[in-house]
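In: Provided below for reference: sequence and predicted model.
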Amino acid sequence: MTAHYEVRGDVAVITLDNPPVNGLGLSTRQAIAQGLDRAHDDAAVRAIVITGAGKAFSGGADIKEFGSPKAYQDPNLLSLILTLDHARKPVVAAVHSVCMGGGLELALGAHYRIAAPGTKVALPEVKLGLIPGAGGTQRLPRVLGVEPALNMIVSGEPVNAELLAQLPGQKLFDKIAASADTLLDEALALAREAAERHAQGAPLPRVRDLPCKHPQAEAYFQFARNMVGAQAKHYPAPLKCIDAVQAATTKPFDEGLAQERQTFLNLMTDPVSIALRHVFMAERAAGKIADVPEDAPLREVRSLAIIGAGTMGSGIAINFLNIGLPVTLLETKQEALDRGVAHIRSVYEGQVKKGKLKPEQAEQRLALLRTTLSYDDIRDADMVIEAVFEDIEVKRQVFERLDAVMKPGAILATNTSTLDVNKIASFTKRPQDVVGTHFFSPANVMKLLEVVRGAATAKDVLATVMALGKKIKKTCVVSGVCDGFIGNRMIEQYSRQAGFLLEEGCTPEQVDKAIEKFGFAMGPFRMGDLAGNDVGWYIRKRRYVEKPHMRYSKVADRLCEMGRFGQKTGAGWYDYAPGKRDAIPSAVVNQMIEEYRKELGITPRKISDEEIVQRLVFALVNEGAHILEEKIAARASDIDMVYLTGYGFPVWRGGPMHYAEQYGLFNVMQAMKRFALNPHDDAQFWQPAPLIQRLVAEGKGFAAA
């Protein structure tokens with residue numbers, strides 16, 4: 001059973017017990033309904049308390065049933081709350097720890113509510129592209145007031161129960177318990193007091209019967225729409241939340257409830273909500289590794305060393321200093337160390353200035369940092385991350401040295417972005433201890449961490465790095481070993497297409513604008529200027545030797561030969577004014593592109609934004625399908641997480657693989673066949689990956705792979 005029933009004297013206690021957050025799945029809803037019936041049928045029971053076991057009252061919907069028929073099967077949450085509305089005995093909700101979504105809606109259906117201190121209260125449905133669907137938009141404004149309730153519903157952010165209890169006129173909580181330990185006893189006492197009042201003829205208070213008004217309703221809701229509309233242009237749910245709360249102030253309760261429900265059901269089929277729910281599930285799935293159990297033993301990491309104090313190494317260090325882990329930074333020269341420490345200090349000073357950190361917190365973190373020029377000083381570290389120049393010979397020297405000095409069992413990690421982790425592991429006599437930790441720049445800001453599993457990487461090493469990544473608040477995605485892993489291998493095809501588009505008639509600005517309108521944070525040419533065009537040039541030079549059959553546009557090489565490496569040189573695909581990051585279209589670059597076209601004998605043509613977007617995005621998708629086939633990525637949703645958290649793919653489109661699935665894999669395949677006919681493109685690349693061909697033939701999506 002996922003909810004238990006017991007009687008304590010004259011009070012029935014229904015305890016939700018569906019770990020980890022007492023999700024309101026069908027079996028839990030059935031058990032609550034049965035408990036309510038038992039309590040009403042038992043003449044000795046005068047009142048009812050509903051509470052939650054373990055670490056939550058309830059986190060709302062059971063994600064295991066998301067989108068399945070069970071989510072709507074009776075008793076659904078609305079039916080359950082309707083049962084509470086018609087309860088003949090007082091019902092007290094005793095909430096603690098987590099009271100969110102459907103859990104809060106359930107509590108709002110009770111006659112009384114008592115909260116343990118520190119309870120996090122929220123209606124977070126907006127984050128999944130939805131609005132609350134079981135009365136949240138109608139009841140919360142009645143107990144908190146219209147403005148505080150709307151703020152909570154539109155933001156979806158949790159608020160501490162004590163803060164809400166301090167709002168003037170609030171009727172959400174009848175009492176804040178002295179502690180979590182006394183919550184149930186205090187709830188039983190409250191239930192008995194309520195039963196006594198009810199026995200003497202006092203009606204049972206229902207949230208639905210409370211008034212819901214705003215003194216300047218029309219002006220307030222218009223102001224709210226103006227504010228929210230500007231911030232949520234791709235997301236329909238926030239504005240729908242406002243409509244639903246406004247309905248609470250203008251319509252009878254049941255009519256408002258019906259409007260809320262219809263809006264909820266409409267949003268369930270909205271592409272943005274489908275994408276956001278996909279992202280929600282994908283984020284949780286990314287941490288699961290098929291052959292590594294969730295309770296796998298971990299290696300202890302109490303101290304960390306980082307080789308290389310450049311932008312990447314110092315950025316990586318900040319992540320670990322933030323969680324209180326001592327870090328030793330190693331460099332070959334003192335001035336490089338000094339620059340690294342200065343960078344770390346400047347980041348913390350910036351956070352202090354913005355009020356994100358207290359000065360003493362910044363100093364505490366900096367106090368955990370040590371620097372050295374000697375490998376002997378890091379020999380006792382539990383883990384070391386190499387963040388040196390992206391050259392296999394440089395990596396060889398570092399890992400041979402680490403193999404010689406590091407203690408047995410230390411984890412040896414490489415931050416390589418493209419190089420062969422198996423080859424790097426072969427430079428040691430302990431390949432089982434070697435793993436890839438590909439951070440994205442700036443490493444202290446970007447959420448993505450590609451964890452690269454070598455052929456010999458031990459399971460406990462993988463599990464430890466995944467757990468550590470979670471501690472430093474990264475989205476960790478496991479990748480197998482291949483050139484560029486998941487993200488950079490795919491972005492190479494995207495960048496190749498961007499180059500071909502220039503040859504065929506586009507300007508850098510046109511390509512960037514088209515893909516940014518699609519929703520990318522930054523187009524390929526602005527991204528190149530930010531990262532440094534010389535980085536891609538270095539990789540292409542390697543490709544020309546290793547993969548002579550692969551065709552690249554030479555436009556980017558010409559740009560680099562002109563010394564236009566991007567923002568750091570004040571000129572790249574765009575021009576930059578001194579001290580500014582605004583990308584100004586460059587006549588010099590456009591002239592260079594035109595001259596290159598003439599050399600190739602290409603007559604430029606007008607290219608639509610639709611073609612630009614499809615060639616860039618479907619290039620990602622086709623390469624992603626190859627990556628799935630080769631088992632470099634465990635699931636399509638992992639690829640989506642890489643692109644959402646590391647490459648600026650629009651969250652509201654759910655990632656490249658999800659987007660392709662929604663667009664229709666048949667349609668994607670047809671587009672690829674058209675692109676293959678373009679004499680200036682790469683016909684071989686545009687042969688749809690065998691996985692895509694198979695899925696189309698079987699009428700399936702990537703999830704089936």
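Out: Structure received. Numbers count the residues shown, from 1 in each chain.
In: can you list contacts of stretch 224-239?
Out: Identification of contacts with stretch 224-239 by CB atoms under 8 Å, 6 or more residues apart in numbering yields 125-126, 129-131, 150, 154, 242, 267, 270, 272-273, 519, 650, 652. C-beta: built from backbone N, CA, C; applies to glycine.
In: Distance of the closest residue to K473 other than its chain neighbours relative to N319?
Out: Of all residues not flanking K473 in the chain, K447 sits nearest, at 7.4 Å (CB to CB, 6 or more residues apart in numbering). Per CB to CB, to the nearest Å, K447 is found 11 Å from N319.
In: list the residues that contact both of these two?
Out: K474.
In: Domain ranges for this structure, per the record?
Out: Here the domain parsing of the chain from automatic domain parsing is 3-268, 304-479, 487-704.
In: first to last residue in the first one, what's the distance?
Out: It stands for domain 3-268. 28 Å (CA to CA, to the nearest Å).
In: Show me how far that domain is from its chain's centre.
Out: Centroid displacement of domain 3-268 relative to its chain, using CA atoms, centre = their mean, to the nearest Å, is 26 Å.
In: The shortest one too?
Out: How far domain 304-479 lies from its chain's middle: 23 Å, per CA atoms, centre = their mean.
In: now the last one
Out: Taking CA atoms, centre = their mean, the mean C-alpha location of domain 487-704 is offset from the chain mean by 23 Å.
In: now do the same end-to-end measure for that domain.
Out: 22 Å.
In: Which among the contacts of stretch 224-239 count as buried?
Out: Neighbour-count burial (16 or more other CB atoms under 10 Å) applied to the contacts of stretch 224-239 gives 125-126, 129-131, 150, 154, 242, 267, 270, 272-273, 650, 652.
In: for A583, what are its contacts?
Out: Neighbour list for A583: 509, 512, 526, 529, 573-574, 576 [criterion: CB under 8 Å, 6+ apart].
In: If we use 7 Å, what do you get?
Out: Neighbouring residues of A583 by CB atoms under 7 Å, 6 or more residues apart in numbering: 526, 529, 574.
In: Among those, which ones are in helices?
Out: The members of the contacts of A583 that map onto helices under DSSP state H are 526, 529.
In: Out of the contacts of A583, grab the one that's most surrounded.
Out: Counting neighbours by other CB atoms under 10 Å, D529 comes out on top of those with 27 neighbours.
In: and the two most separated of the buried ones among the contacts of stretch 224-239?
Out: Within those, L150 and P650 form the most distant pair, 26.2 Å apart (CB to CB).
In: follow-up on the earlier one: let me know the closest of the contacts of A583 to E218.
Out: Nearest to E218, judged by CB to CB, of the contacts of A583 is R526 at 42.3 Å.
In: Now do the buried residues in stretch 472-490.
Out: Of the residues in stretch 472-490, 472, 474-482, 484-490 count as buried by neighbour count, 16+ other CB under 10 Å.
In: related to what we said a few turns ago, filter the contacts of stretch 224-239 down to just the ones in helices.
Out: Using DSSP H, 150, 154, 242, 267, 272-273 are the members of these that sit in helices.
In: Look at stretch 303-314 and report the distance between its end residues.
Out: Using CA to CA, the end-to-end distance of stretch 303-314 comes to 16 Å.
In: Please point out which parts of it sit buried.
Out: 303-310, 312-314.
In: now do stretch 586-595
Out: Neighbour-count burial for stretch 586-595 flags 586, 589, 592-593 (criterion: 16+ other CB under 10 Å).
In: from the residues you listed, which ones fall inside helices?
Out: Judged by DSSP H, the subset of the buried residues of stretch 586-595 located in helices is 589, 592-593.
In: wait, which of these is closest to R46?
Out: V589 (80.7 Å).
In: What is the neighbour count of H438?
Out: The tally of other residues near H438 (other CB under 10 Å) stands at 26.
In: what does the one 5 residues further on give?
Out: The local packing of A443 (other CB under 10 Å) involves 24 other residues.
In: Next, count neighbours for the residue nearest to it when sequence neighbours are not counted.
Out: In space, and not counting its chain neighbours, A443 is closest to G315: 3.2 Å by CB to CB, 6+ apart. Close neighbours of G315, defined as other CB under 10 Å, add up to 23.
In: G315 touches M446, doesn't it?
Out: No. Judged on CB atoms under 7 Å, G315 makes no contact with M446 at a distance of 8.7 Å.
In: Which strand or helix spans T51?
Out: strand 47-52 (DSSP states H and E).
In: Can you give the contact residues for that strand?
Out: 11-16, 22, 36, 39, 57-58, 89-94, 96, 110, 184, 187-188, 191-192, 194-195.
In: one more time with 8 Å
Out: The contact list for strand 47-52, computed with CB under 8 Å, 6+ apart, reads 10-17, 22, 32, 35-36, 39, 57-58, 87, 89-97, 103, 106-107, 110, 183-184, 187-188, 191-192, 194-195.
In: and it, which residues are buried?
Out: For strand 47-52, burial by neighbour count (16+ other CB under 10 Å) applies to 47-52.
In: Tell me, how many residues neighbour the nearest residue to D291 once chain neighbours are set aside?
Out: Nearest non-adjacent residue to D291, counting by CB to CB, 6+ apart: K459, 7.1 Å away. Using other CB under 10 Å, K459 is surrounded by 15 other residues.
In: Need the ones in helices among the contacts of stretch 224-239 in CSV (columns: pLDDT and distance to L337).
Out: Shown next, in CSV, are the ones in helices among the contacts of stretch 224-239 (pLDDT from 0 to 100; distance: CB to CB, whole Å):
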residue, pLDDT, distance to L337
L150, 97, 52
V154, 97, 47
I242, 97, 53
L267, 95, 53
V272, 96, 47
S273, 95, 49
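In: Dump these to TSV, plus distance to K354.
Out: Below are the ones in helices among the contacts of stretch 224-239 laid out as TSV (distance: CB to CB, whole Å):
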residue	distance to K354
L150	27
V154	24
I242	30
L267	35
V272	31
S273	33
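In: and of these, the nearest to F173?
Out: When these are ranked by distance to F173 (CB to CB), L150 comes first, at 18.9 Å.
In: Rounded mean pLDDT for the helix or strand containing A556, please.
Out: Using DSSP H and E, A556 sits in helix 555-561. In this model, helix 555-561 has a mean pLDDT of 95.
In: buried residues in that helix?
Out: Using 16+ other CB under 10 Å as the test for burial, helix 555-561 gives 555-560.
In: Run through who's touching that helix.
Out: Helix 555-561 is touched from outside by 495, 499, 502-503, 528, 533-534, 536-537, 540, 572-573, 589, 592-593, 596, with contacts defined as CB under 8 Å, 6+ apart.
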